[in-house]
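A.B. asks: Sequence plus the predicted model coming up.
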Amino acid sequence: MLGGNTAGGNKNTTTNHYAYYSSKKPITENVAMVVSPYYQHSSHSCSITFRYRIIGGPGASIIVSTQLIPLHAISSEETTEEEAADWVNPTVRKIIPSTKSEAILTNIGIGEVGYPTRIRIECHSGESKNTNIITECFIDDIRLTQCEEHIWQPNVCSMDSQPKRYLCHKFAEQKCIDFADVCDMHDDCPNREDEDNTIHNCIQNVGDKKN
Ligand SMILES: [Ca+2]
């Protein structure tokens, strides 16, 4: 259900775990993580469950967070994952310290998310300079429960045209408008879709807009 991709760290694909990371060095600057697609809606009851095991020194942890992409990022040119990480600081949902026990099933509330939001499960090795300590993260059986999630699709008029323009798409009458006209408190789309807070999370995104 979660899908997504992984970034950073050393993912060992020879194990039969969904994700397995191991590191001898602090990887706080290059965090290994599983990242979901962006969701544009989830229900209040949304939560993520997965089975985990983490072994490591002081500070080693699994961190579950959500990250919202701001409006100006959607309308900008091609951007890298690194740049995306700089746009907003993820909201931490849970920090799981290292344990010596067997795999544990956890359930972490995500709740209703703004538009568009993705979920990150990160493996941190902590601050220890002792390179003899190996951090290992095992992640399995990732599921979203009671989320009624909708995967976000960028609503762009044409990928070729420059600058990119927003496609009013929610109603029968489609129309292209400038991204600057989304959440500007003036109705531009049919049925004022461009000012719909449930679609664009306008209240939060107004502060993120360039200019
Ligand atoms: Ca508008």
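C.D. replies: Ah, there it is.

A.B. asks: contacting residues around Thr66?
C.D. replies: The contact partners of Thr66, by C-beta atoms under 8 Å, 6 or more residues apart in numbering, come to 90-91, 93, 110, 113, 117-120. Bear in mind the C-beta positions are built from the backbone N, C-alpha and C, glycine included.

A.B. asks: got CSV for these, with pLDDT too?
C.D. replies: What follows is those, written out as CSV (pLDDT from 0 to 100):
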residue, pLDDT
Pro90, 84
Thr91, 87
Arg93, 93
Ile110, 93
Val113, 78
Thr117, 86
Arg118, 89
Ile119, 93
Arg120, 92
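
A.B. asks: how about the nearest residue to the residue of the chain positioned farthest from its centre, chain neighbours excluded?
C.D. replies: Centroid-distance maximum for the chain: Asn132 at 31.9 Å, with C-alpha atoms, centre = their mean. On the basis of C-beta to C-beta, 6 or more residues apart in numbering, the spatially nearest residue to Asn132 that is not a chain neighbour turns out to be Lys24, at 7.6 Å.

A.B. asks: Would it be right to say that the residue farthest from the centre of the chain lies in a helix?
C.D. replies: No: assigned with DSSP: H, G, I helix; E, B strand; the rest coil, Asn132 falls outside any helix and is coil.

A.B. asks: pLDDT score assigned to it?
C.D. replies: Looking at Asn132, its pLDDT reads 73.

A.B. asks: Tell me where the model's unsure across this structure.
C.D. replies: 1-15, 25-30, 70-88, 114-115, 128-131, 153-154, 158-161, 171, 204-211 (pLDDT under 70).

A.B. asks: How is it divided into domains?
C.D. replies: What automatic domain parsing lists as the domains of the chain is 5-151, 165-205.

A.B. asks: Go through those and name the closest to the ion.
C.D. replies: Across these, the minimum distance to the ion, taken as C-beta to the ion, is reached by domain 165-205, at 4.0 Å.

A.B. asks: Centre of the chain to that closest one, how far?
C.D. replies: 23 Å (C-alpha atoms, centre = their mean, to the nearest Å).

A.B. asks: which bits of the chain sit near the ion?
C.D. replies: Taking C-beta under 5 Å from the ion as the contact definition, the chain meets the ion at 181, 184, 186, 188, 194.

A.B. asks: Cool, thanks, talk later.
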